[in-house]
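*Asks:* build me a model:
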Amino acid sequence: MDKPTIQYVVEEAVAAGIEDIVIITGRGKRAIEDHFDVSFELEYNLRNKGKFDELKEIQHISDMLTICYVRQKQPLGLGHAILTARDIIGEEPFAVLLGDDIIYSKSPCIKQLIEVYDRYNCSVVAVRRVDKKEIQSYGVIDSKEVEPRIYRVLDMVEKPAPEEAPSNLAIMGRYILTPQIFDMLATVKPDQRGEIQLTDGLKALLEKQVVYGYEFEGVRYDTGNKLGFLIATIEFALRKKDLGDDFREYLQSLDLTHSWVEPQP
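*Replies:* Numbers count the residues shown, from 1 in each chain. Presented below is the predicted three-dimensional model:
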């Protein structure tokens, strides 16, 4: 990929019509803020060199939307990270997009969830079916299908053993949440690692509000692990108009019968 994963997530939000974004950061992640800021020196050099396409791309990054940043001072779980943005978000429904999840789709994944929210006026979580052997890496829903691809959530289980999973519908990194989730997250008990889990907050919310799961259309890449990142890099490169054909030809030329590739002289 020719841009950081966080930019793909931000561009998905922009394509869905979202205008204001809060990015939860931590210590050592100042580069994220710099990436979306105006880069005077780089813009000056690109303009002087006549690289106007590159200049337009750089300016597009800083002009996309309004971004503010909140520090999560300790890594105390996704639920805790969302709580840190409570004062900024206020009493409005909001979207959550996890930076490690990149979703390639015709319609932005978060826009698909917004459309479900607009129909039901309830929190919505993105789900997809996963192999049972992978189920223990995800939050999993027990549910009842109410429309094609739309499920009323009856219960949620965080990282169950395969034999204990209520279904194979796993929660992915996209959510539309009502502001009542903040009260739930503020009162749920931390898990054994001392972290506040969003799944636990959603389970508590289920006692007061309906929550839906939506089996989104698109391909999801988990860039939080090495293999997922490599797969995403290759598949996004193959889709690029200025690179895809040459890259595909290169891949087809490789001798994959060996576990390594001899460098060309």
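*Asks:* and the nearest residue to residue 86 once chain neighbours are set aside, what are its phi and psi?
*Replies:* Among residues not flanking residue 86 along the chain, residue 182 sits closest, at 4.8 Å (CB to CB, 6 or more residues apart in numbering). Placement of C-beta: from N, CA and C, glycine included. Backbone torsions for residue 182, taken as degrees, to the nearest 10, come to phi -60, psi -40.
*Asks:* check residue 176 too.
*Replies:* With angles defined as degrees, to the nearest 10, residue 176 sits at phi -120, psi 120.
*Asks:* what about it, how many residues close to it?
*Replies:* Look at residue 176: counted by other CB atoms under 10 Å, it has 23 neighbours.
*Asks:* what's the answer for the one 4 residues further on, then?
*Replies:* Counted with other CB under 10 Å, the burial measure for residue 180 works out to 16 neighbours.
*Asks:* what sits against it?
*Replies:* Applying CB atoms under 8 Å, 6 or more residues apart in numbering, we find residue 180 in contact with 205, 208, 209.
*Asks:* which among these count as buried?
*Replies:* For the contacts of residue 180, a burial check counting by 16 or more other CB atoms under 10 Å picks out residue 205.
*Asks:* out of the contacts of residue 180, who's nearest residue 157?
*Replies:* Nearest to residue 157 among these is residue 205, at 15.2 Å by CB to CB.
*Asks:* state the helix or strand in which the closest one lies.
*Replies:* Secondary structure here is read from DSSP states H and E; on that basis residue 205 sits in helix 198-206.
*Asks:* tell me the mean pLDDT for that helix?
*Replies:* For helix 198-206, mean pLDDT is 94.
*Asks:* now the helices: where do they sit in the chain?
*Replies:* Under the criterion DSSP state H, helices of the chain are mapped to 5-15, 30-35, 40-48, 52-63, 78-83, 86-89, 109-120, 181-187, 198-206, 226-239, 244-253.
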